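Peer 1: got a predicted model here, sequence first, then my questions.
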Amino acid sequence: MKIKPLADRVVVKLIEPEENVKGGIIIPDTAKEKPQQGEVVAVGPGRITENGNKIPMEVKVGDRVLFGKYAGTEVTVDDQEYLIMKESDILAVI
């Protein structure tokens with residue numbers, strides 16, 4: 001992995017939802033919604049509080065996570081799309 005997140009940031013690889021279309025209807029790529037789940041591929045060391053204590057990360061590499069629709073910043077590395085987001089943008093671990 002060429003991306004090393006800082007502080008409480010997490011790098012997430014997007015997981016595309018399965019396309020189970022009933023009735024033979026084909027949905028074009030432009031009408032599809034942005035995926036809201038992914039796999040954590042890198043985590044930062046954790047946030048440091050004002051008094052110098054480090055708060056460890058709750059997620060770890062390999063976790064499947066759910067996040068908000070507009071969370072994070074999209075980046076492309078080696079033709080693979082990733083999201084870099086704060087740990088607080090993650091809603092749940094699946």
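Peer 2: Good, I have the coordinates. Residues are numbered from 1 along each chain as shown.
Peer 1: CA atoms for contacts and neighbours, from now on please.
Peer 2: Will do.
Peer 1: can you pull up the most central residue in this structure?
Peer 2: residue 12 (3.1 Å; C-alpha atoms, centre = their mean).
Peer 1: residues touching that one, list them.
Peer 2: 38-42, 82-85 (C-alpha atoms under 8 Å, 6 or more residues apart in numbering).
Peer 1: spatially nearest residue to it (excluding sequence neighbours)?
Peer 2: The spatially closest residue to residue 12, leaving aside those adjacent along the chain, is residue 40, at 4.5 Å (C-alpha to C-alpha, 6 or more residues apart in numbering).
Peer 1: contacts for stretch 58-65?
Peer 2: By C-alpha under 8 Å, 6+ apart, stretch 58-65 touches 37-43, 87, 90-94.
Peer 1: return, as residue ranges, the portions of this protein with sub-threshold pLDDT.
Peer 2: Filtered on pLDDT under 70, the chain yields the residue ranges 1, 17-35.
Peer 1: past the helix or strand encompassing residue 83, which element shows up next along the chain?
Peer 2: Using DSSP states H and E, residue 83 sits in strand 80-86. Counting by DSSP H and E, the element after strand 80-86 in chain order, helix or strand, is strand 90-93.
Peer 1: my guess is residue 57 is in a helix, correct?
Peer 2: No: Residue 57 sits outside any helix when classified using DSSP: H, G, I helix; E, B strand; the rest coil, being coil.
Peer 1: distance-wise, check the nearest residue to it once chain neighbours are set aside relative to residue 75.
Peer 2: Ranked by C-alpha to C-alpha, 6+ apart and with sequence neighbours excluded, the top spatial neighbour of residue 57 is residue 46, at 5.3 Å. Applying C-alpha to C-alpha, to the nearest Å, the value for residue 46 to residue 75 is 21 Å.
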